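>>> Let's see this in three dimensions:
(one chain, ligands or ions: 1)
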Amino acid sequence: MLNYESAERILSEYGQKHILRYYNELSDEEKQKLLSQIELVDFSVLSSLNDMDDVHSERGNFEPLGAVTIEEIDRNREKFTEAGISAIKEGKMAAVLLAGGQGTRLGFDKPKGMFNIGVQRELYIFECLINNLMDVVKQSGAWVPLYIMTSEKNNRDTVEFFAEKNYFGYNKDYVKFFIQDMAPSADYSGKILMESKSEISMSPNGNGGWFSSMVRAGLLNEIKSNGIEWINVFAVDNVLQRIADPSFLGAVLLSGCESGGKVVSKADPDERVGVLCLENGMPSIVEYYEMTEEMRTRREPDGRLSYNYGVILNYIFNVDKLEKIVDDKMPIHVVEKKIPYMNEGGELVNPENPNGYKFETLVLDMVHMQDSCLSYEVVRDREFAPVKNAEGVDSVVTARELLKKNGVKL
Ligand code: UTP
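This next block holds a predicted model:
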(Lines give C-alpha, C1' and ligand atoms only; values in the text may rest on other atoms or scores of the structure.)
Protein backbone atom coordinates (compact mmCIF):
# COMPACT_ATOMS: atom_id res chain seq x y z
CA MET A 1 0.00 0.00 0.00
CA LEU A 2 1.26 3.43 -0.96
CA ASN A 3 2.33 5.72 1.91
CA TYR A 4 1.95 9.50 1.97
CA GLU A 5 5.54 10.21 0.87
CA SER A 6 5.37 7.90 -2.16
CA ALA A 7 1.98 9.32 -3.11
CA GLU A 8 3.39 12.84 -2.91
CA ARG A 9 6.36 11.83 -5.07
CA ILE A 10 4.14 10.32 -7.77
CA LEU A 11 1.84 13.31 -7.75
CA SER A 12 4.59 15.88 -8.00
CA GLU A 13 6.01 14.01 -10.98
CA TYR A 14 2.68 14.62 -12.72
CA GLY A 15 2.11 18.11 -11.30
CA GLN A 16 -0.90 16.92 -9.29
CA LYS A 17 0.01 17.63 -5.67
CA HIS A 18 -3.27 19.46 -5.11
CA ILE A 19 -4.86 16.00 -4.73
CA LEU A 20 -3.32 15.83 -1.24
CA ARG A 21 -4.36 19.35 -0.28
CA TYR A 22 -6.91 18.25 2.33
CA TYR A 23 -5.03 15.12 3.44
CA ASN A 24 -4.48 16.33 6.99
CA GLU A 25 -8.19 17.01 7.45
CA LEU A 26 -9.18 13.47 6.49
CA SER A 27 -10.08 10.61 8.82
CA ASP A 28 -7.74 7.60 8.82
CA GLU A 29 -10.20 5.69 6.68
CA GLU A 30 -10.45 8.50 4.12
CA LYS A 31 -6.67 8.81 4.04
CA GLN A 32 -6.35 5.13 3.20
CA LYS A 33 -9.04 5.44 0.57
CA LEU A 34 -7.32 8.35 -1.13
CA LEU A 35 -3.89 6.69 -1.05
CA SER A 36 -5.24 3.48 -2.55
CA GLN A 37 -7.02 5.47 -5.25
CA ILE A 38 -3.77 7.29 -6.08
CA GLU A 39 -2.05 3.92 -6.30
CA LEU A 40 -4.59 2.61 -8.80
CA VAL A 41 -5.01 5.64 -11.05
CA ASP A 42 -3.17 5.61 -14.35
CA PHE A 43 -1.72 9.13 -14.40
CA SER A 44 0.03 8.48 -17.69
CA VAL A 45 -3.21 9.32 -19.54
CA LEU A 46 -2.47 12.97 -18.70
CA SER A 47 0.32 12.99 -21.25
CA SER A 48 -2.38 12.84 -23.94
CA LEU A 49 -3.09 16.47 -23.07
CA ASN A 50 0.31 17.45 -24.43
CA ASP A 51 -0.25 15.77 -27.75
CA MET A 52 -3.98 16.29 -28.10
CA ASP A 53 -3.74 16.58 -31.86
CA ASP A 54 -1.43 13.64 -32.31
CA VAL A 55 -4.21 11.08 -32.36
CA HIS A 56 -5.13 12.68 -35.66
CA SER A 57 -1.83 13.89 -37.04
CA GLU A 58 -0.41 10.38 -36.81
CA ARG A 59 -2.94 9.19 -39.35
CA GLY A 60 -1.82 7.46 -42.53
CA ASN A 61 -3.08 7.53 -46.10
CA PHE A 62 -6.81 7.21 -46.42
CA GLU A 63 -8.58 5.47 -49.28
CA PRO A 64 -12.28 4.81 -49.76
CA LEU A 65 -13.77 1.45 -48.90
CA GLY A 66 -16.92 0.19 -50.57
CA ALA A 67 -19.67 -1.65 -48.75
CA VAL A 68 -21.97 -4.58 -49.32
CA THR A 69 -24.83 -2.36 -50.36
CA ILE A 70 -28.49 -2.65 -49.43
CA GLU A 71 -29.22 -3.90 -52.96
CA GLU A 72 -26.59 -6.62 -52.72
CA ILE A 73 -27.82 -7.61 -49.29
CA ASP A 74 -31.39 -7.86 -50.58
CA ARG A 75 -30.23 -10.12 -53.41
CA ASN A 76 -28.29 -12.36 -50.99
CA ARG A 77 -30.45 -12.07 -47.93
CA GLU A 78 -31.51 -15.70 -47.83
CA LYS A 79 -27.97 -16.99 -48.16
CA PHE A 80 -26.61 -14.56 -45.55
CA THR A 81 -29.45 -15.20 -43.11
CA GLU A 82 -29.12 -18.95 -43.37
CA ALA A 83 -25.38 -18.81 -42.63
CA GLY A 84 -25.98 -16.46 -39.71
CA ILE A 85 -28.84 -18.44 -38.22
CA SER A 86 -26.92 -21.68 -38.26
CA ALA A 87 -23.94 -20.03 -36.49
CA ILE A 88 -26.33 -18.57 -33.90
CA LYS A 89 -27.98 -21.97 -33.38
CA GLU A 90 -24.54 -23.44 -32.80
CA GLY A 91 -23.99 -20.81 -30.11
CA LYS A 92 -21.15 -19.12 -31.97
CA MET A 93 -22.34 -15.57 -31.49
CA ALA A 94 -22.69 -13.41 -28.40
CA ALA A 95 -23.72 -9.78 -28.08
CA VAL A 96 -22.07 -7.10 -25.96
CA LEU A 97 -24.09 -4.06 -24.96
CA LEU A 98 -21.91 -1.04 -24.24
CA ALA A 99 -23.75 0.66 -21.42
CA GLY A 100 -20.94 2.10 -19.33
CA GLY A 101 -21.22 5.64 -20.71
CA GLN A 102 -22.60 8.49 -18.65
CA GLY A 103 -24.91 9.88 -21.28
CA THR A 104 -24.23 13.43 -20.13
CA ARG A 105 -25.76 14.98 -23.25
CA LEU A 106 -29.13 13.42 -22.50
CA GLY A 107 -29.07 14.94 -19.02
CA PHE A 108 -30.81 11.98 -17.40
CA ASP A 109 -29.44 11.07 -13.99
CA LYS A 110 -29.86 7.30 -14.33
CA PRO A 111 -28.21 4.88 -16.79
CA LYS A 112 -29.31 5.84 -20.31
CA GLY A 113 -30.96 2.46 -20.85
CA MET A 114 -33.39 3.25 -18.02
CA PHE A 115 -34.79 6.21 -19.94
CA ASN A 116 -38.46 5.80 -20.76
CA ILE A 117 -38.90 6.61 -24.43
CA GLY A 118 -42.57 5.64 -24.37
CA VAL A 119 -45.33 8.23 -24.59
CA GLN A 120 -48.63 6.54 -23.69
CA ARG A 121 -46.91 3.56 -22.11
CA GLU A 122 -43.60 2.72 -20.51
CA LEU A 123 -40.96 1.67 -23.01
CA TYR A 124 -37.42 1.82 -21.74
CA ILE A 125 -34.36 2.02 -23.96
CA PHE A 126 -33.08 -1.28 -22.54
CA GLU A 127 -36.49 -2.76 -23.30
CA CYS A 128 -36.31 -1.66 -26.96
CA LEU A 129 -32.95 -3.38 -27.28
CA ILE A 130 -34.13 -6.60 -25.66
CA ASN A 131 -37.25 -6.59 -27.88
CA ASN A 132 -35.01 -6.27 -30.93
CA LEU A 133 -32.78 -9.12 -29.78
CA MET A 134 -35.85 -11.27 -29.06
CA ASP A 135 -36.65 -11.15 -32.79
CA VAL A 136 -33.46 -13.10 -33.42
CA VAL A 137 -34.17 -15.51 -30.57
CA LYS A 138 -37.55 -16.24 -32.15
CA GLN A 139 -36.07 -16.56 -35.61
CA SER A 140 -33.24 -18.89 -34.58
CA GLY A 141 -34.84 -20.70 -31.67
CA ALA A 142 -31.66 -20.04 -29.65
CA TRP A 143 -30.89 -17.61 -26.82
CA VAL A 144 -28.05 -15.29 -27.74
CA PRO A 145 -25.68 -14.75 -24.78
CA LEU A 146 -25.85 -11.07 -23.87
CA TYR A 147 -23.06 -9.37 -21.94
CA ILE A 148 -23.77 -5.92 -20.58
CA MET A 149 -20.90 -3.56 -19.86
CA THR A 150 -21.62 -1.09 -17.09
CA SER A 151 -19.36 1.24 -15.13
CA GLU A 152 -18.77 1.56 -11.41
CA LYS A 153 -21.09 4.56 -11.57
CA ASN A 154 -24.11 2.83 -13.05
CA ASN A 155 -23.64 -0.89 -12.44
CA ARG A 156 -25.91 -1.18 -9.45
CA ASP A 157 -28.80 0.76 -11.00
CA THR A 158 -28.51 -1.23 -14.22
CA VAL A 159 -28.37 -4.66 -12.61
CA GLU A 160 -31.26 -3.84 -10.27
CA PHE A 161 -33.34 -2.43 -13.11
CA PHE A 162 -32.99 -5.57 -15.21
CA ALA A 163 -33.92 -7.73 -12.22
CA GLU A 164 -36.90 -5.51 -11.36
CA LYS A 165 -38.16 -5.67 -14.95
CA ASN A 166 -37.59 -9.41 -15.13
CA TYR A 167 -35.03 -8.93 -17.91
CA PHE A 168 -37.88 -7.75 -20.15
CA GLY A 169 -38.63 -11.37 -20.90
CA TYR A 170 -35.09 -12.37 -21.82
CA ASN A 171 -33.68 -15.57 -20.34
CA LYS A 172 -31.59 -14.30 -17.44
CA ASP A 173 -29.24 -17.28 -17.61
CA TYR A 174 -27.97 -15.74 -20.83
CA VAL A 175 -27.37 -12.27 -19.42
CA LYS A 176 -24.13 -11.30 -17.66
CA PHE A 177 -22.92 -7.91 -16.46
CA PHE A 178 -19.33 -6.73 -16.25
CA ILE A 179 -17.80 -3.45 -15.13
CA GLN A 180 -15.47 -1.36 -17.26
CA ASP A 181 -12.36 0.43 -16.06
CA MET A 182 -12.21 4.05 -14.96
CA ALA A 183 -9.87 6.96 -15.73
CA PRO A 184 -9.31 10.28 -13.95
CA SER A 185 -10.66 13.51 -15.42
CA ALA A 186 -8.89 16.85 -15.57
CA ASP A 187 -9.79 20.53 -15.78
CA TYR A 188 -8.70 22.67 -18.73
CA SER A 189 -5.33 23.35 -17.15
CA GLY A 190 -4.62 19.63 -16.82
CA LYS A 191 -5.24 19.39 -13.07
CA ILE A 192 -7.06 16.27 -12.02
CA LEU A 193 -10.53 17.07 -10.68
CA MET A 194 -11.60 15.95 -7.24
CA GLU A 195 -15.04 14.66 -6.34
CA SER A 196 -14.52 15.29 -2.64
CA LYS A 197 -11.59 15.99 -0.33
CA SER A 198 -10.74 12.30 -0.30
CA GLU A 199 -11.80 11.22 -3.80
CA ILE A 200 -10.40 11.78 -7.24
CA SER A 201 -13.09 12.28 -9.87
CA MET A 202 -13.09 9.16 -12.01
CA SER A 203 -15.07 8.47 -15.19
CA PRO A 204 -15.60 5.42 -17.36
CA ASN A 205 -12.55 5.16 -19.64
CA GLY A 206 -14.41 4.98 -22.95
CA ASN A 207 -15.93 2.07 -24.84
CA GLY A 208 -12.63 0.88 -26.37
CA GLY A 209 -11.66 -1.17 -23.34
CA TRP A 210 -14.73 -3.40 -23.47
CA PHE A 211 -12.88 -6.59 -24.37
CA SER A 212 -9.99 -6.13 -21.94
CA SER A 213 -12.57 -5.39 -19.22
CA MET A 214 -14.37 -8.62 -20.15
CA VAL A 215 -11.13 -10.53 -19.87
CA ARG A 216 -10.36 -8.94 -16.51
CA ALA A 217 -13.85 -9.85 -15.35
CA GLY A 218 -12.94 -13.49 -16.02
CA LEU A 219 -15.40 -13.96 -18.88
CA LEU A 220 -12.95 -15.17 -21.53
CA ASN A 221 -12.91 -18.76 -20.26
CA GLU A 222 -16.65 -18.99 -20.44
CA ILE A 223 -16.69 -17.44 -23.92
CA LYS A 224 -14.12 -19.92 -25.19
CA SER A 225 -15.55 -22.98 -23.48
CA ASN A 226 -19.03 -22.15 -24.74
CA GLY A 227 -17.66 -22.03 -28.28
CA ILE A 228 -18.46 -18.35 -28.88
CA GLU A 229 -16.47 -17.25 -31.93
CA TRP A 230 -18.05 -13.93 -32.82
CA ILE A 231 -19.11 -10.95 -30.76
CA ASN A 232 -21.55 -8.26 -31.87
CA VAL A 233 -20.76 -5.05 -30.00
CA PHE A 234 -23.37 -2.31 -29.96
CA ALA A 235 -24.24 0.98 -28.25
CA VAL A 236 -27.01 1.46 -25.76
CA ASP A 237 -28.51 4.47 -27.45
CA ASN A 238 -29.65 3.24 -30.85
CA VAL A 239 -33.18 2.07 -30.14
CA LEU A 240 -33.71 0.66 -33.65
CA GLN A 241 -30.58 -1.39 -33.50
CA ARG A 242 -30.69 -4.91 -34.93
CA ILE A 243 -28.63 -7.02 -32.57
CA ALA A 244 -26.97 -10.32 -33.50
CA ASP A 245 -28.45 -9.72 -36.94
CA PRO A 246 -28.26 -13.10 -38.72
CA SER A 247 -27.86 -11.56 -42.16
CA PHE A 248 -24.98 -9.32 -40.99
CA LEU A 249 -23.24 -12.25 -39.29
CA GLY A 250 -23.78 -14.46 -42.34
CA ALA A 251 -22.36 -11.81 -44.66
CA VAL A 252 -19.25 -11.47 -42.48
CA LEU A 253 -18.82 -15.26 -42.28
CA LEU A 254 -19.20 -15.77 -46.03
CA SER A 255 -16.92 -12.83 -46.84
CA GLY A 256 -14.02 -14.35 -44.92
CA CYS A 257 -13.46 -10.97 -43.25
CA GLU A 258 -12.11 -10.81 -39.73
CA SER A 259 -14.73 -8.28 -38.65
CA GLY A 260 -17.72 -6.31 -39.86
CA GLY A 261 -19.25 -2.91 -39.29
CA LYS A 262 -22.79 -1.76 -39.95
CA VAL A 263 -22.86 1.49 -41.89
CA VAL A 264 -25.39 3.92 -43.31
CA SER A 265 -25.03 6.02 -46.45
CA LYS A 266 -24.20 9.57 -45.50
CA ALA A 267 -27.13 11.95 -45.75
CA ASP A 268 -24.86 14.63 -47.26
CA PRO A 269 -21.11 15.19 -47.70
CA ASP A 270 -20.92 17.26 -44.52
CA GLU A 271 -22.72 14.88 -42.19
CA ARG A 272 -20.79 14.66 -38.92
CA VAL A 273 -20.18 10.95 -38.83
CA GLY A 274 -17.09 8.72 -38.84
CA VAL A 275 -16.63 6.90 -42.14
CA LEU A 276 -15.39 3.33 -42.58
CA CYS A 277 -12.51 3.43 -45.04
CA LEU A 278 -8.95 2.18 -45.50
CA GLU A 279 -5.92 3.73 -43.84
CA ASN A 280 -2.60 2.50 -45.18
CA GLY A 281 -4.54 -0.39 -46.66
CA MET A 282 -6.10 -1.44 -43.35
CA PRO A 283 -9.71 -0.89 -42.28
CA SER A 284 -10.13 2.30 -40.32
CA ILE A 285 -12.58 5.01 -39.39
CA VAL A 286 -11.93 8.57 -40.44
CA GLU A 287 -13.72 11.17 -38.36
CA TYR A 288 -15.65 13.90 -40.18
CA TYR A 289 -13.27 16.59 -38.92
CA GLU A 290 -10.28 14.67 -40.27
CA MET A 291 -11.58 14.67 -43.83
CA THR A 292 -10.38 17.21 -46.33
CA GLU A 293 -12.87 18.99 -48.57
CA GLU A 294 -11.66 16.78 -51.42
CA MET A 295 -12.35 13.62 -49.41
CA ARG A 296 -15.77 14.81 -48.29
CA THR A 297 -17.00 15.63 -51.77
CA ARG A 298 -15.21 13.02 -53.91
CA ARG A 299 -17.58 10.73 -55.82
CA GLU A 300 -17.39 7.28 -57.45
CA PRO A 301 -18.42 6.79 -61.10
CA ASP A 302 -21.89 5.66 -59.91
CA GLY A 303 -22.40 9.02 -58.19
CA ARG A 304 -22.06 7.81 -54.60
CA LEU A 305 -19.72 9.65 -52.30
CA SER A 306 -16.36 7.87 -52.14
CA TYR A 307 -16.31 8.26 -48.36
CA ASN A 308 -19.93 7.36 -48.08
CA TYR A 309 -20.42 4.85 -45.31
CA GLY A 310 -20.90 6.20 -41.80
CA VAL A 311 -20.49 3.87 -38.83
CA ILE A 312 -23.30 3.40 -36.32
CA LEU A 313 -21.41 1.63 -33.53
CA ASN A 314 -22.50 -1.88 -34.39
CA TYR A 315 -19.59 -4.20 -35.10
CA ILE A 316 -18.87 -7.90 -35.29
CA PHE A 317 -15.46 -9.02 -34.05
CA ASN A 318 -13.80 -12.41 -34.01
CA VAL A 319 -12.90 -13.74 -30.57
CA ASP A 320 -9.53 -15.26 -31.60
CA LYS A 321 -8.48 -11.95 -33.09
CA LEU A 322 -9.68 -10.02 -30.05
CA GLU A 323 -7.55 -12.25 -27.86
CA LYS A 324 -4.49 -11.48 -29.98
CA ILE A 325 -4.93 -7.73 -29.77
CA VAL A 326 -6.24 -7.43 -26.23
CA ASP A 327 -2.95 -6.10 -24.83
CA ASP A 328 -2.20 -3.77 -27.74
CA LYS A 329 -2.22 -0.11 -26.83
CA MET A 330 -5.16 1.91 -28.08
CA PRO A 331 -5.00 5.65 -28.77
CA ILE A 332 -6.40 7.83 -26.00
CA HIS A 333 -8.96 10.43 -27.04
CA VAL A 334 -9.27 13.54 -24.95
CA VAL A 335 -12.95 14.48 -24.78
CA GLU A 336 -14.49 17.66 -23.39
CA LYS A 337 -17.33 16.88 -21.00
CA LYS A 338 -19.38 18.18 -18.09
CA ILE A 339 -17.65 16.69 -15.06
CA PRO A 340 -18.99 17.04 -11.51
CA TYR A 341 -16.17 18.35 -9.31
CA MET A 342 -15.33 19.81 -5.93
CA ASN A 343 -14.78 23.57 -6.03
CA GLU A 344 -12.38 25.71 -3.99
CA GLY A 345 -14.96 25.86 -1.22
CA GLY A 346 -15.05 22.07 -0.97
CA GLU A 347 -18.57 21.80 -2.45
CA LEU A 348 -19.61 19.41 -5.20
CA VAL A 349 -20.60 21.25 -8.38
CA ASN A 350 -22.60 19.81 -11.28
CA PRO A 351 -21.56 22.07 -14.17
CA GLU A 352 -24.04 23.18 -16.83
CA ASN A 353 -21.36 23.33 -19.50
CA PRO A 354 -18.29 21.27 -20.30
CA ASN A 355 -15.58 22.08 -17.76
CA GLY A 356 -12.78 19.64 -18.47
CA TYR A 357 -11.47 16.55 -20.12
CA LYS A 358 -12.07 12.84 -19.89
CA PHE A 359 -9.70 10.29 -21.32
CA GLU A 360 -11.26 7.59 -23.45
CA THR A 361 -10.31 4.75 -25.74
CA LEU A 362 -12.86 4.08 -28.46
CA VAL A 363 -14.18 0.89 -29.97
CA LEU A 364 -13.81 2.41 -33.43
CA ASP A 365 -10.02 2.26 -33.03
CA MET A 366 -10.35 -1.51 -32.75
CA VAL A 367 -11.41 -1.59 -36.37
CA HIS A 368 -7.95 -0.39 -37.38
CA MET A 369 -6.45 -3.36 -35.54
CA GLN A 370 -8.27 -5.77 -37.87
CA ASP A 371 -6.85 -7.18 -41.10
CA SER A 372 -10.22 -6.81 -42.77
CA CYS A 373 -13.65 -5.40 -42.02
CA LEU A 374 -16.80 -5.94 -44.02
CA SER A 375 -18.70 -2.72 -44.43
CA TYR A 376 -22.39 -3.73 -44.34
CA GLU A 377 -24.93 -1.11 -45.38
CA VAL A 378 -28.26 -0.86 -43.61
CA VAL A 379 -31.34 1.26 -44.19
CA ARG A 380 -30.90 4.29 -41.97
CA ASP A 381 -34.54 4.84 -41.10
CA ARG A 382 -34.95 1.22 -40.11
CA GLU A 383 -31.82 0.67 -38.06
CA PHE A 384 -30.50 3.95 -36.79
CA ALA A 385 -32.26 6.01 -34.15
CA PRO A 386 -29.63 7.26 -31.69
CA VAL A 387 -30.71 8.92 -28.47
CA LYS A 388 -27.88 11.30 -27.65
CA ASN A 389 -29.70 14.51 -26.71
CA ALA A 390 -32.98 15.43 -25.08
CA GLU A 391 -34.07 17.46 -28.12
CA GLY A 392 -32.86 18.40 -31.58
CA VAL A 393 -30.55 16.17 -33.62
CA ASP A 394 -30.23 12.51 -32.53
CA SER A 395 -32.60 13.04 -29.68
CA VAL A 396 -35.51 11.54 -27.81
CA VAL A 397 -37.76 13.43 -30.22
CA THR A 398 -36.18 12.10 -33.44
CA ALA A 399 -35.89 8.57 -32.02
CA ARG A 400 -39.59 8.55 -31.09
CA GLU A 401 -40.52 9.53 -34.63
CA LEU A 402 -38.37 6.76 -36.07
CA LEU A 403 -39.74 4.18 -33.65
CA LYS A 404 -43.28 5.13 -34.69
CA LYS A 405 -42.32 4.94 -38.34
CA ASN A 406 -41.15 1.38 -37.71
CA GLY A 407 -44.42 0.37 -36.11
CA VAL A 408 -43.29 0.47 -32.48
CA LYS A 409 -46.14 1.50 -30.19
CA LEU A 410 -45.20 4.32 -27.89
P1 UTP B 1 -21.13 8.04 -26.25
O2 UTP B 1 -19.95 8.33 -27.07
O3 UTP B 1 -22.43 8.56 -26.73
O4 UTP B 1 -20.82 8.53 -24.76
O5 UTP B 1 -21.22 6.47 -26.09
P6 UTP B 1 -21.72 8.68 -23.46
O7 UTP B 1 -20.73 8.87 -22.36
O8 UTP B 1 -22.68 7.56 -23.24
O9 UTP B 1 -22.61 9.97 -23.73
P10 UTP B 1 -22.28 11.53 -23.57
O11 UTP B 1 -21.25 11.85 -24.61
O12 UTP B 1 -21.77 11.75 -22.18
O13 UTP B 1 -23.59 12.20 -23.83
C14 UTP B 1 -21.43 5.56 -27.12
C15 UTP B 1 -21.70 4.21 -26.50
O16 UTP B 1 -20.56 3.76 -25.76
C17 UTP B 1 -20.92 3.50 -24.42
C18 UTP B 1 -22.17 4.30 -24.17
O19 UTP B 1 -22.90 3.75 -23.10
C20 UTP B 1 -22.85 4.19 -25.51
O21 UTP B 1 -23.50 2.94 -25.63
N22 UTP B 1 -19.80 3.88 -23.55
C23 UTP B 1 -19.26 5.12 -23.63
C24 UTP B 1 -19.35 2.98 -22.64
O25 UTP B 1 -19.85 1.83 -22.54
N26 UTP B 1 -18.31 3.36 -21.82
C27 UTP B 1 -17.75 4.57 -21.88
O28 UTP B 1 -16.82 4.85 -21.10
C29 UTP B 1 -18.23 5.49 -22.81
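>>> rest of the way, CA atoms for contacts and neighbours
Fine.
>>> Am I right that Val233 is in a strand?
Yes. Assigned with DSSP: H, G, I helix; E, B strand; the rest coil, Val233 falls within a strand.
>>> and it, how many neighbours?
Number of residues near Val233 (other CA atoms under 10 Å) recorded here: 25.
>>> For the stretch 51-200 of the chain, just list every one of the strands.
62-64, 93-98, 146-150, 175-179, 182-184, 186-187, 194-196, 199-200 (DSSP state E, counting those that start in this stretch).
>>> any residues touching the longest one, and which ones?
So that's strand 93-98. The contact list for strand 93-98, computed with CA atoms under 8 Å, 6 or more residues apart in numbering, reads 87, 144-150, 207, 210, 228-236, 243-244.
>>> And the residues you listed, which of them are buried?
Among the contacts of strand 93-98, those buried by neighbour count (16 or more other CA atoms under 10 Å) are 87, 144-150, 207, 210, 228-236, 243-244.
>>> could you pick out which of these are near the ligand?
Among the buried ones among the contacts of strand 93-98, the ones lying near the ligand by CA under 6 Å from any ligand atom are 207, 235-236.
>>> Contacts only, for the nearest residue to Thr81 once chain neighbours are set aside.
Leaving aside its sequence neighbours, Thr81 sits nearest to Ser247 (CA to CA, 6 or more residues apart in numbering; 4.1 Å). By CA under 8 Å, 6+ apart, Ser247 lies in contact with 77-78, 80-85.
>>> got it, and Tyr289?
The contact partners of Tyr289, by CA under 8 Å, 6+ apart, come to Arg272.
>>> To Asp109, which of the strands of the stretch 51-200 of the chain lies closest?
With CA to CA as the criterion, Asp109 lies closest to strand 146-150 of the strands of the stretch 51-200 of the chain, at 14.8 Å.
>>> Quick check: neighbours of the closest one in the sheet, parallel or antiparallel?
Sheet pairing here is set by DSSP bridges, and for strand 146-150 it gives strand 93-98 (parallel), strand 175-179 (parallel).
>>> and Ile223, which of the three is it?
helix.
>>> Can you find the helix or strand in this protein with the smallest mean pLDDT?
Taking mean pLDDT, DSSP states H and E as the measure, the helix or strand of the chain with the lowest value is helix 54-57, at a mean of 54.
>>> Can you tell me what sits against the strand ranked longest in the chain?
Across the chain, the longest stretch assigned as strand under DSSP state E is strand 309-318. With CA under 8 Å, 6+ apart as the test, strand 309-318 has contacts from 66-67, 229-235, 249, 258-266, 273-276, 364, 375, 377, 384.
>>> I'd like the strands of the stretch 51-200 of the chain as JSON lines, with mean pLDDT appended.
What follows is the strands of the stretch 51-200 of the chain, written out as JSON lines (pLDDT from 0 to 100):
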{"stretch": "strand 62-64", "mean pLDDT": "97"}
{"stretch": "strand 93-98", "mean pLDDT": "98"}
{"stretch": "strand 146-150", "mean pLDDT": "98"}
{"stretch": "strand 175-179", "mean pLDDT": "97"}
{"stretch": "strand 182-184", "mean pLDDT": "93"}
{"stretch": "strand 186-187", "mean pLDDT": "96"}
{"stretch": "strand 194-196", "mean pLDDT": "96"}
{"stretch": "strand 199-200", "mean pLDDT": "96"}
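>>> Tell me which of the ones you listed approaches Ile325 most closely.
Closest approach to Ile325 among these is made by strand 93-98 (17.6 Å; CA to CA).
>>> is the closest one up against the ligand anywhere?
Yes. Judged by CA under 6 Å from any ligand atom, strand 93-98 and the ligand are in contact via Leu98.
>>> Around the ligand, which positions in this structure sit nearby?
Contacts of the chain with the ligand, taken as CA under 6 Å from any ligand atom, map to 98-106, 204-207, 235-237, 388.
>>> Can I have the buried ones of the residues you listed as a ChimeraX selection?
In ChimeraX syntax, the buried subset of those is picked out as below (16+ other CA under 10 Å):
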select :98,99,100,101,102,103,106,204,205,206,207,235,236,237,388
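>>> if you look at the contacts of strand 309-318, which of them are in strands?
Members of these lying in strands (criterion: DSSP E): 230-235, 259-265, 275-276, 375, 377.
>>> coming back round to it: just name the most buried of the strands paired with strand 146-150.
Among the strands paired with strand 146-150, strand 93-98 has the highest mean neighbour count (mean count of other CA atoms under 10 Å), at a mean of 24.
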